[in-house]
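Asks: 3D model of this:
(2 chains)
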Amino acid sequence: MERPLTQHITFPPLGLRQYEAVGGYQAARKAIRHMTPQEVTAVVKESNLKGRGGAGFSTGMKWSFVPMDVSGPKYLVANADEMEPGTFKDRWLLEGNPHQLIEGMIVSAFAIQATESFVFLRWAYKTAAAEVRKAIAEAYEAGYLGQDILGSGYSLEMHLHTGVGRYMCGEETALLNSLEGKRATPRAKPPFPQVSGLFGKPTIVNNVETLSCIPHIINKGAMWFQSLSHTADGGTKIYGVSGKVNKPGAWELPMGVTVRELIEEHAGGMKNGYRFRGALPGGASTDFLVEEHMEVKMDFAGVAAAGSRLGTGTMVVLDDRTCPVGFVHNLEHFFAQESCGFCTPCREGLPWTEKLLWAIEQGQGRDEDLALLASHAALLGPGNTFCALAPGAMEPLQSALKYFRDDFERHIKEKKCPYGDHIH
Amino acid sequence: MLTTSEKEQIEKEIRQVPLKKAACIEALKIVQQHRRWVSDEGIRDVADILEMSPEEVDSVATFYNLIFRQPVGRHIILLCDSISCYVMGFRDLHRQLVNLLNIQYGQTTPDGRFTLLPNPCLGTCDHAPALMVDNDLYRDLAPDALENILAKYT
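Replies: Sure thing, here's the model as predicted:
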């Protein structure tokens, strides 16, 4: 099978000349010299590429919302703030082939006629920062960035911004506030960033994996991209598995492989002595899938039909010797800590949720706590908070209450954690 | 007061953005690079050059996990406490670090050598548990590896 995104990943990554030698920057040349921005957007729309940051919205559709006739700058931002617990796919692309991302950004920026672009990269990715910085400098030197790219009259500047640590920066409007030097709190929508984004100008924010797909779509066409997939969602997907499996890792596979294939084939099955109990299919803010979901196809519709979300496609496995209450407490601790505090349900509700879970885990839970947790799961759910952080936080909780209820009840009844001191 | 070097670096950042205020995070990063943390004086210095109120700058500084508003040690240990590292045993690493350093999260060793901080997902979940010391990432860690790692940092 073809693995367009990862076929040229090396550590250290290919330099510009090596990247060109394997066909690099041909898509940028093709798009800028021989296509109109509308044609580029149409191909991407037709490819059925859906955003790989977690939300899964059609990328070409998102671009088409940018008003093309406004004066002044437009912006393109690569969201490289990968802070979703359990997610490590973009690090691979950033460290292993930064020119692929930059080429994807050039083509995407051309499609919306952006004149400025940013890579918003998280602080902790030190190797990625060095490689991206070097690749941007090489792209400028070769004339792929800057004024009058390839003599076309099209100009694009690119900047690397390293963040200062806050999960909220991954939310696209919070990311824009952070790029503007402010606290990373989310903005009200509408207006959507495509119309009024960075500094009030039309802005597109796309995930690293999404942008890395673009050069291949331009080179080989929409139909080819769709044919890579096992399902209606176009392309390949970088899937990952972490936890007590034999071979944790990330793999580029056709969109729509099953949960079983990922865990048993690619991740080598559960480690000796451990049994599979469940998994978060796409990072910390997705609902658990359990044993009965092993044949679920890992695409946007398949995982949604099973009651969860594909999210980032990087799976965290819960085994039978890890306490589900402790597991969910860890997640809620994270979300409570990372809530920006901007809206009350999230600011107040998440720490409360965390405290309830901690009390249960410590053997101090009360019978009524489970109903209280369920009410939090509803009250902090979609539509009741300003952004998606708290609803995302409630996904693993509500599904844990459904699938691992016995564990919660045993904690309360036995007044201790039945999993002991969590010795792994 | 800002040093010449700090001032030059911040002014370079200001030239790259349409509004002075937009350079706030970069300015705080520059001050922290030079002084290791951002004191009240640092906040006032940034506020002066960006024509903001100190309160406004402080509200930005205190929002972000990695802008330090109190003194830190020569080396920062970021221990990943996220879910994959939880499953793979970060708490054993935490216990061992507390034993070796005799400090809790947020504290600095009395000799000023290390500050210990929790950090959400270092993005290396396939090699959990993991931690960073300054710019160095350590993965697939067992608690008995920590002593040798710490010894590298004086």
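Asks: How about the residues of the stretch 1-150 of chain A by chain B?
Replies: Residues of the stretch 1-150 of chain A lying close to chain B (CB under 8 Å from any CB of the partner chain) are A:82-88, A:90-91, A:122-127. Bear in mind the C-beta positions are built from the backbone N, C-alpha and C, glycine included.
Asks: from these, which ones fall inside strands?
Replies: In this view, these have no member that belongs to strands under DSSP state E.
Asks: closest to chain B among those?
Replies: Distance ranking of those against chain B, using CB to the nearest CB, places A:P85 first at 3.7 Å.
Asks: ok, so what distance separates that closest one from B:A27?
Replies: From A:P85 over to B:A27 the distance is 30 Å, taken as CB to CB, to the nearest Å.
Asks: what's the answer for A:G53, then?
Replies: Distance of A:G53 to B:A27, given as CB to CB: 29 Å.
Asks: Looking at the two, which is more packed in?
Replies: Taking A:G53 and B:A27 together and counting by other CB atoms under 10 Å in any protein chain shown, B:A27 has the greater number of neighbours (31 against 24).
Asks: Just confirm the more buried one contacts B:V46, I think it does.
Replies: Yes. Contact status for B:A27 versus B:V46: in contact at 4.6 Å, counting by CB atoms under 8 Å.
Asks: Point to the residue nearest the middle of the chain.
Replies: Reading this off chain A. A centroid search over chain A (CA atoms, centre = their mean) returns A:G53, at 2.9 Å, as the residue closest to the centre.
Asks: that answer is for a different chain, and I need it for chain B
Replies: With distances taken as CA atoms, centre = their mean, the residue of chain B nearest its centroid is B:L66 (4.0 Å).
Asks: what helices or strands is the longest helix belonging to chain A leaning on?
Replies: As far as residue count goes, and with DSSP state H defining each element, the longest helix of chain A is helix A:344-361. With contacts defined as 3 or more CB pairs under 8 Å, 6 or more residues apart in numbering or on different chains; DSSP states H and E, the packing partners of helix A:344-361 are helix A:324-338, helix A:369-379, helix A:389-403, helix A:405-414.
Asks: Quick check: which of those helices is nearest to chain B?
Replies: Each of the helices and strands packed on helix A:344-361 was scored for nearness to chain B using CB to the nearest CB, and the closest is helix A:324-338 (4.4 Å).
Asks: Pull up the overlap in contacts between B:A27 and B:V46.
Replies: Overlap between the neighbourhoods of B:A27 and B:V46 consists of B:I10, taking contacts as CB atoms under 8 Å, 6 or more residues apart in numbering or on different chains.
Asks: where does the most far-flung residue of chain B relative to its centre land on pLDDT?
Replies: If you look at how far each residue of chain B sits from its centre, by CA atoms, centre = their mean, the farthest one is B:P18, at 27.7 Å. Here the pLDDT value assigned to B:P18 is 91.
Asks: contact partners of stretch A:7-14?
Replies: So stretch A:7-14 is in contact with A:19, A:22, A:24, A:92-93, A:95-100, A:131, A:135, going by CB under 8 Å, 6+ apart.
Asks: at 10 Å what do you get?
Replies: By CB atoms under 10 Å, 6 or more residues apart in numbering or on different chains, the surrounding residues in contact with stretch A:7-14 are A:3, A:18-24, A:92-100, A:127-128, A:130-132, A:134-135, A:216, A:252.
Asks: so of the residues you listed, which ones are in helices?
Replies: Among those, the ones falling in helices (DSSP H) are A:18-21, A:92-96, A:98-100, A:127-128, A:130-132, A:134-135, A:216.
Asks: So what sits opposite the closest residue to A:F276 other than its chain neighbours in the bridge?
Replies: Nearest non-adjacent residue to A:F276, counting by CB to CB, 6 or more residues apart in numbering or on different chains: A:M270, 5.4 Å away. Each beta-bridge partner of A:M270 is listed here, defined by DSSP bridges: A:V245.
Asks: That'll do, ta.
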